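> I'd like to go over a predicted model; first the sequence, then the structure.
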Amino acid sequence: QKEVEQDPGPLSVPEGAIVSLNCTYSNSAFQYFMWYRQYSRKGPELLMYTYSSGNKEDGRFTAQVDKSSKYISLFIRDSQPSDSATYLCAMSEGNAGNMLTFGGGTRLMVKP
Amino acid sequence: EAGVAQSPRYKIIEKRQSVAFWCNPISGHATLYWYQQILGQGPKLLIQFQNNGVVDDSQLPKDRFSAERLKGVDSTLKIQPAKLEDSAVYLCASSHSGSFGNEQFFGPGTRLTVL
């Protein structure tokens, strides 16, 4: 079993839809949770991060963490074609070294 | 602010050949990371440097992979000899420090194809 599981998709939605992306994890020591966006042939770029449980909102993006269920989500409101990319969740225990464990990524396609 | 630079962007080699990748991190970033991203998977950390010292290389296949960061700035990752399963994108990232929560900035990667 992988430490971080993520549905690979692809997920295809019409423009303007609400998108829900999810990850589950097995390591209860993870405390720091991130979402990265990766466009084709580019490196990942940090979208959002949350520490421990709770919600965080930034514009059209909302990140949720439920540590009791070992489940994190990223919601995208009013999705745009420019949101088409692979979304990677990443997690860190936070004990030392800032090491990240990534999920496999979900490919999102937003159609005009 | 200039981002993380990597070269070459693409490399095609035959198995058993050797190859080297170069990374120049963001100026002032003490921590440098090399990741391997196989098609359809998330990045996997190979090695982390703090200045010119190794913090973690537990997932680096040391029989064929080596990395160095001699002056605490640029870094090179080498594979010798390459295997078919080494085909992947090799990503370099840097962060201001290796402390918990420091954002990692990624370069565009080097796409390696081993034939």
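Okay, I see it. Numbering: from 1, shown residues only, chains lettered A, B, ... in the order given.

> what stretches of chain B score poorly on pLDDT?
Applying pLDDT under 70 to chain B picks out residues B:1, B:100-101.

> residues near residue B:2, how many?
8 (other C-beta atoms under 10 Å in any protein chain shown). For the C-beta atoms, the positions are set from N, CA and C on the backbone; glycine is no exception.

> swap in residue B:62?
Other residues within reach of residue B:62, judged by other C-beta under 10 Å, total 10.

> Relative to residue B:90, how far out is it?
16 Å (C-beta to C-beta, to the nearest Å).

> so who does residue 80 touch?
Assuming you mean chain A. Going by C-beta atoms under 8 Å, 6 or more residues apart in numbering or on different chains, residue A:80 touches A:15, A:110.

> Chain B, not that one
Taking C-beta under 8 Å, 6+ apart, we find residue B:80 in contact with B:18-19, B:64, B:66.

> Now which of the residues you listed would you call buried?
In the contacts of residue B:80, burial by neighbour count holds for B:19, B:66, counting by 16 or more other C-beta atoms under 10 Å in any protein chain shown.

> Give me the neighbour count for residue 102.
As the question left the chain open, I've gone with chain A. When counting by other C-beta under 10 Å, one arrives at 23 neighbours for residue A:102.

> Not quite, go with chain B.
Neighbours of residue B:102 using other C-beta under 10 Å come to 16.

> Chain neighbours aside, what residue packs nearest to it?
Excluding the flanking residues, the one nearest residue B:102 by C-beta to C-beta, 6 or more residues apart in numbering or on different chains is residue B:95, at 4.2 Å.

> So what sits opposite that neighbour in the bridge?
Beta-bridge partners of residue B:95, counted by DSSP bridges, are residue B:31.

> That one: what's it in contact with?
Applying C-beta under 8 Å, 6+ apart, the residues contacting residue B:95 are A:98, B:29-31, B:33, B:102-105.

> If we use 10 Å, what do you get?
Residue B:95 makes contact with A:98, B:25-26, B:29-33, B:48, B:50, B:101-105 under the criterion C-beta atoms under 10 Å, 6 or more residues apart in numbering or on different chains.

> so what's residue B:85 up against?
Residues in contact with residue B:85 (C-beta under 10 Å, 6+ apart) are B:15, B:38, B:61, B:114.

> So it, which state does it fall into?
Classification of residue B:85 by DSSP: H, G, I helix; E, B strand; the rest coil places it in helix.

> and it, how far is that from residue B:64?
Using C-beta to C-beta, one gets 11 Å for the distance from residue B:85 to residue B:64.

> One more: residue A:94?
For residue A:94, the distance to residue B:64 (C-beta to C-beta) stands at 31 Å.

> Mind telling me what element the most centrally placed residue in chain B is part of?
Centroid check for chain B by C-alpha atoms, centre = their mean gives residue B:34 as the closest residue, at 2.8 Å. Using DSSP states H and E, residue B:34 falls within strand B:31-37.

> can you pull the buried residues of that strand?
B:31-37.

> between the residues you listed, which is closest to chain A?
residue B:31 (6.9 Å; C-beta to the nearest C-beta).

> could you pull out the strands for the chain?
Defaulting to chain A. Remark: strands assigned in chain A by DSSP state E are A:4-5, A:11-14, A:19-25, A:32-38, A:45-51, A:54-58, A:61-66, A:71-76, A:85-92, A:101-102, A:106-111.

> looking at chain B here, not the other one
In chain B, strands defined by DSSP E lie at B:5-7, B:10-13, B:19-24, B:31-37, B:44-50, B:53-56, B:65-68, B:75-79, B:88-95, B:105-106, B:110-114, listed in chain order.
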